[in-house]
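Undergrad: My questions concern the predicted model and sequence given below.
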Amino acid sequence: MKLPAITDVAIIGAGISGLTVARHCHDTGIPYIVLEATGRIGGRVHTVHHNHCPIDLGASWLHSGDVNPLREDALKAGCKLEPTDTTLMVWQDGAWLDEEGYRRYITPYEATRRDIVATTGQIDTNNEQYISGGAEKLITRWADGLAIEQNCPVSHIEWSADGALVQTAQGPCRAKHVVLAVNANVIRQQKITFLPTLPDTTQKIFASLIPVTLQKLVLLLEKPLPPHWRNHYLIHADHPQWILFAPPELQAITVLYHHFGDELPPAHQTMQEHGIAILAEWLGYKPSVDHSLYMNWQTDPWQGCTHFWPMPADSVSHLQKPFGPIHFAGDYLSVPWAGQMSGAYARALEICTKLKGS
C-alpha cells in the first residue's frame, strides 16, 4: 500500500487505541492511515503460536470482565473467556496457606488495592476473565479491511493549528489530525520529535511518568500440573514480585515478574531458572520444560514497558485536551478504566467523538 501524501487522520500506532480510532474512521468514511512502526499489529496484545497453539505473551485477561466494554467484542471475535479464581494460592514456610493464614497475608495488599482504586477512579469488580485461544482474535477482527502501513515508524511531527506534517520512514504524510496511539514511553523518551516542541507542562508530565513492566515467560511442561492449580494465581511468600499462573487450556505455567521504573528486568534464562525452582519446591520434583516463550517488553524500542503507574487527575485532564491537531491516546489517559485494554479502548472512543465533531 502506498502511503498517502494527504489524509484527514494520521493514526500513529496499531494497538487497541489506534485500531479503535481507525475502525471509526473507516466505518464513517473519514480518510485516515494507520502508521505502525513494527511488522505486526496489536501493540501490547501479542499472540504467538507453538505447535498450532496460540499463546499470549502480552494481554491475557479482561479485568473486571463482567463490566468490561470489550467483553462483547471479544466473544464476537471467537475468544473464550474463562473466569479466573482471584483467590491467590500462597506458599509460605513450606506449605500452602489455609483460609485464616491467607486472610492475614492478603489484608495489607487488599488495602493498597482499594486505595489505588479510590484515588485513580479505576473500575475493579474483582472479576478477572482469562482470554483463552489468543487475544489476537480481537485485534484481527478490528483490523479487518483497515488501511495500515506496517514497518513505518514516525520520527518527527511538524504541527500548527491547521494540521501536521508527519515524517515517516516511508516519506511524509500531511494530516488534519494526528492521533498518537503509542506507548507513552515513545514520547517520554523523545523517539518522536515535535516542531514546535510540546508545551512545557506536557513534557514535564511525560517525563514524570513511572513505567511499570510485567515480564512474561510461558513454560510448556512435559507433565501436567495439579488440576486444582488451573486458572489460579500462585505466589511464593518469599518472592512476592514473582506471580505464577496456570492457564486453563495449556499444560504450562506462566511466570510473571512485576517491576517499576527503568531497572533492567530478569533475563530469559534467569526467569526460567527461578520459575522452575519455585515449581520444584511446590511439586517436590524438578519439572521438565518442553519449550519456553519469553517477552521482554522493556527492550522493545516501541514499548519500553507494559503500562504506567496511574497519573494524577490534573495530568490526565491536561493530556486529554488536543494540542492543535494532536490527540494523545492510550490506556494511561482513560479514567475510569478496567484494565489496560479497556482503558485504551475507552480513550480511543473519546477521540472518535472529537473527530466526529470536527
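TA: It's in.
Undergrad: Touching, residue 202 and residue 322? I think so.
TA: No. Applying CB atoms under 8 Å, one finds residue 202 not in contact with residue 322, separated by 11.4 Å. Bear in mind the C-beta positions are built from the backbone N, C-alpha and C, glycine included.
Undergrad: neighbour count winner among those two?
TA: residue 202 (19 against 16; other CB atoms under 10 Å).
Undergrad: in the stretch 1-150 of the chain, what spans have low per-residue confidence?
TA: Scanning the stretch 1-150 of the chain for pLDDT under 70 picks out 1, 119-121.
Undergrad: Repeat the analysis, applying 90 as the threshold.
TA: For the stretch 1-150 of the chain, the stretches flagged by pLDDT under 90 are 1-2, 51-52, 85-88, 106-126, 133.
Undergrad: in it, which spans are helices?
TA: Listed in chain order, the helices of the stretch 1-150 of the chain (DSSP state H, counting those that start in this stretch) span 16-28, 71-76, 99-120, 136-143.
Undergrad: Of these, which stretch is the most buried?
TA: The highest mean neighbour count among the helices of the stretch 1-150 of the chain, using mean count of other CB atoms under 10 Å, belongs to helix 16-28: a mean of 23.
Undergrad: tilt between that helix and helix 136-143?
TA: Put simply, helix 16-28 runs at 40 degrees to helix 136-143, going by axes from the mean of the first three to the mean of the last three CA atoms, to 10 degrees.
Undergrad: JSON lines for the helices of the stretch 1-150 of the chain, including distance to residue 318?
TA: Converted to JSON lines, the helices of the stretch 1-150 of the chain look like this (distance: least, CB to CB, whole Å):
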{"stretch": "helix 16-28", "distance to residue 318": "18"}
{"stretch": "helix 71-76", "distance to residue 318": "30"}
{"stretch": "helix 99-120", "distance to residue 318": "16"}
{"stretch": "helix 136-143", "distance to residue 318": "29"}
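Undergrad: you'd agree residue 342 is in a strand?
TA: No. Using DSSP: H, G, I helix; E, B strand; the rest coil, the secondary structure at residue 342 is helix, not a strand.
Undergrad: Verify the stated contact: residue 170 with residue 5.
TA: No. Contact criterion CB under 8 Å: residue 170 and residue 5 do not qualify, at 11.3 Å.
Undergrad: Show me which of those two is the more surrounded one.
TA: Each of residue 170 and residue 5 has its neighbours counted (other CB under 10 Å); residue 170 has more, 14 against 9.
Undergrad: Residue 259 is in contact with residue 242, correct?
TA: No. With contacts defined as CB under 8 Å, residue 242 does not count as touching residue 259, sitting 10.5 Å away.
Undergrad: how far away is residue 306 from residue 332?
TA: According to CB to CB, to the nearest Å, residue 306 and residue 332 sit 11 Å apart.
Undergrad: More neighbours: which of these two?
TA: Of the pair residue 306 and residue 332, residue 332 is the one with more neighbours under other CB under 10 Å, namely 24 against 21.
Undergrad: Residue 47 versus the residue lying closest to the more buried one once chain neighbours are set aside, what's the distance?
TA: Distances taken as CB to CB, 6 or more residues apart in numbering place residue 308 nearest to residue 332, at 4.9 Å, with adjacent residues excluded. Noted for residue 308: a distance of 23 Å to residue 47, by CB to CB.
Undergrad: mind listing the strands in the stretch 51-200 of the chain by residue range?
TA: Assigned by DSSP state E, counting those that start in this stretch, the strands in the stretch 51-200 of the chain fall at 53-56, 61-62, 80-92, 95-96, 128-132, 148-149, 154-160, 163-168, 171-180, 193-195.
Undergrad: Let me see the mean pLDDT of the last one.
TA: Think strand 193-195. Taken as a whole, strand 193-195 carries a mean pLDDT of 98.
Undergrad: and it, which residues are buried?
TA: residue 194 (16 or more other CB atoms under 10 Å).
Undergrad: Begin at 42, not 1, for the rest of this chat.
TA: Okay, residue one is now 42; in that scheme the one you just asked about reads as strand 234-236.
Undergrad: Next secondary structure after that strand?
TA: Moving toward the C-terminus from strand 234-236, the next helix or strand (DSSP states H and E) is helix 241-249.
Undergrad: And the next helix-or-strand element following that following helix, what does it pack against?
TA: Next in sequence after helix 241-249, counting helices and strands by DSSP H and E, comes strand 252-262. Strand 252-262 sits against strand 293-301, helix 309-324, strand 330-336, strand 348-349, with contacts defined as 3 or more CB pairs under 8 Å, 6 or more residues apart in numbering; DSSP states H and E.
Undergrad: List the residues that contact residue 283.
TA: Counting by CB atoms under 8 Å, 6 or more residues apart in numbering, residue 283 makes contact with 276-277, 296-298, 315-316, 319.
Undergrad: how about a markdown table for those, with distance to residue 169 and pLDDT added?
TA: Formatted as a markdown table, the contacts of residue 283 follow (distance: CB to CB, whole Å; pLDDT from 0 to 100):
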| residue | distance to residue 169 | pLDDT |
| --- | --- | --- |
| 276 | 15 | 94 |
| 277 | 20 | 94 |
| 296 | 18 | 94 |
| 297 | 13 | 93 |
| 298 | 19 | 91 |
| 315 | 24 | 94 |
| 316 | 21 | 95 |
| 319 | 21 | 96 |
